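> Quick one, structure for this:
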Amino acid sequence: MQNENYLDFYDKTLIPTSAQSLPGFFEKTHDLPAPAYWLIALEGRSGTKSSVYVWRVSIFAVDNEGCYDANLAYYSTEYFDNIDEALEKCRQLENEMENTPPIPA
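Numbers count the residues shown, from 1 in each chain. Got it, this is the predicted structure:
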């Protein structure tokens, strides 16, 4: 596991991108090289109450060799108390990213 802060880490979708493109629905927040792919993942951990498990959807920049830093999400949602809500958000982001044309360089 690349990130010890999470008990569960599920890489869900790998979306190819052109070298100069960024998804149009969120702003660039890091000074990183342009990624070859975007990885959408579900991250789960114990919430503030020990019996509650919380989930968030994160997007990571992936290089041509398939490497990414699981500690440096390019984008993350707020935590969801329900995995079904997190999965729905994941599907929404997948659809937006797959159907958003690249931004010209």
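
> Residue ranges in the chain under the pLDDT threshold?
1-7, 9-13, 18-34, 50, 100-105 (pLDDT under 70).

> where do the strands sit along it?
8-16, 37-46, 53-62, 75-76 (DSSP state E).

> tell me what the last one is packed against?
Using 3 or more CB pairs under 8 Å, 6 or more residues apart in numbering; DSSP states H and E as the contact criterion, the secondary-structure elements in contact with strand 75-76 are strand 53-62. Yep, even glycine has a C-beta here, placed from its N, CA and C like the rest.

> And the contacts of the strand it packs on?
For strand 53-62, contacts defined as CB atoms under 8 Å, 6 or more residues apart in numbering pick out 14, 23, 30, 32-33, 35-47, 68-70, 72-83, 85-86, 89-90, 93, 97.

> repeat that with 7 Å
Residues outside strand 53-62 that contact it (CB atoms under 7 Å, 6 or more residues apart in numbering): 14, 32, 35-47, 68, 70, 73-81, 83, 86, 89-90, 93.

> Mark which of these are buried, thanks.
35-44, 68, 70, 73-75, 77, 79-80, 86, 89-90, 93 (16 or more other CB atoms under 10 Å).

> so who does Y79 touch?
54-56.

> neighbour-wise, which of these leads?
W55 (24 neighbours; other CB atoms under 10 Å).

> Name whatever forms a beta bridge with that residue.
W55 has these beta-bridge partners by DSSP bridges: G44, F80.

> Next, work out how far apart it and N82 are.
Per CB to CB, to the nearest Å, W55 is found 8 Å from N82.

> quick one, what contacts the residue nearest to A61 when sequence neighbours are not counted?
Distance criterion CB to CB, 6 or more residues apart in numbering; nearest residue to A61, sequence neighbours excluded, is P35 at 3.6 Å. With contact taken as CB under 7 Å, 6+ apart, P35 is in contact with 17, 61-63.

> one more time with 8 Å
17, 61-63, 74.

> got it, and D8?
Counted by CB under 8 Å, 6+ apart, D8 has contacts 42-45.
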